[in-house]
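> What follows is a predicted structure for the sequence shown.
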Amino acid sequence: MTKLAQLLRENQEAILRRWLEAALSSYAAVASAAFAKQADPFANPIGHSLRLGTREIFQQLLAEADPGALGRHLDPILSIRAVQEMSASEAVGFVFGLKAAVRAELGPAAGQADLADDLAKLDAAVDRVALTAFDLYVEYRERISQVRVQAANRRVSWIVQKLNESGSDSTPSI
């Protein structure tokens, strides 16, 4: 186990708390506070998905799993964020908050020369997670757009059908 991995494990709860706070900061202050406090997954799907997803992503990064394979942990978070009024950068930006959370919790240790290579590897892994998150976000937004187009097509089709039906009823009889 590398020195960085040991430090990350020792500071895991503080890093996760800080990362969750950063992720929730993309919401309004009142909503963010509510998401942070409510633990019930049914009453608080946003906070629950962020709490669980960030923990699982962090665990997988500690285990040096393939960052691209973390989609199943990102999926619940991004499926919610894709339907919210958020830009892509707001929806995916929470991933980058992990870098700041790690450095803030490690404090001066993060600046040690013997951790530089490992921190650079962690940063690269976080960047790959962010790219996976962006791909998922775009995929969800495309699905939403397709659903909207299909709904519009159904409405137009229904209107045309009703117009045709009313037009055939109003033909004059001889």
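Cool, the structure landed. Numbering: from 1, shown residues only.
> How about residue 136: what's its closest non-neighbour residue?
Leaving aside its sequence neighbours, residue 136 sits nearest to residue 78 (CB to CB, 6 or more residues apart in numbering; 4.5 Å). No exception for glycine: its C-beta is placed from N, CA and C like everyone else's.
> Please apply the same query to residue 83.
residue 144 (6.5 Å).
> How far does the helix or strand harbouring the one you found sit from its chain's centre?
Using DSSP states H and E, residue 144 sits within helix 116-169. Averaging C-alpha positions (CA atoms, centre = their mean, to the nearest Å) puts helix 116-169 15 Å from its chain's average.
> helices and strands around that helix, which ones?
If you count contacts as 3 or more CB pairs under 8 Å, 6 or more residues apart in numbering; DSSP states H and E, helix 116-169 packs onto helix 3-10, helix 45-62, helix 71-81, helix 88-93, helix 97-106.
> on contacts alone, who are the packing partners of the lowest-mean-pLDDT helix or strand in the chain?
For the chain, counting by mean pLDDT, DSSP states H and E, helix 29-37 ranks last in confidence among helices and strands (a mean of 72). If contacts are counted by 3+ CB pairs under 8 Å, 6+ apart, helix 29-37 sits against helix 12-24, helix 45-62.
> Return the member of those having the minimum mean pLDDT.
Here the helices and strands packed on helix 29-37 differ in mean pLDDT, and the lowest is helix 45-62 at a mean of 92.
> Can you list the buried residues in that helix?
Judged by neighbour count using 16 or more other CB atoms under 10 Å, the buried positions of helix 45-62 are 46-51, 53-55, 57-58, 60-61.
> follow-up on the earlier one: could I have the CA atoms of the least confident helix or strand of the chain written out in CSV?
Coordinates of each C-alpha in helix 29-37 appear next as CSV, following Å, rounded to 0.1, in the frame of the first residue of the first chain:
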residue,chain,number,x,y,z
ALA,A,29,-28.4,26.6,0.2
VAL,A,30,-31.8,25.5,1.7
ALA,A,31,-32.0,22.4,-0.6
SER,A,32,-28.3,21.5,0.0
ALA,A,33,-28.9,21.6,3.8
ALA,A,34,-32.0,19.4,3.5
PHE,A,35,-30.2,16.9,1.2
ALA,A,36,-27.3,16.7,3.7
LYS,A,37,-29.5,16.0,6.7
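> What distance do you get for residue 98 to residue 125?
Applying CB to CB, to the nearest Å, the value for residue 98 to residue 125 is 9 Å.
> Among these two, which residue is more densely surrounded?
When residue 98 and residue 125 are compared on other CB atoms under 10 Å, the one with more neighbours turns out to be residue 98, at 25 against 19.
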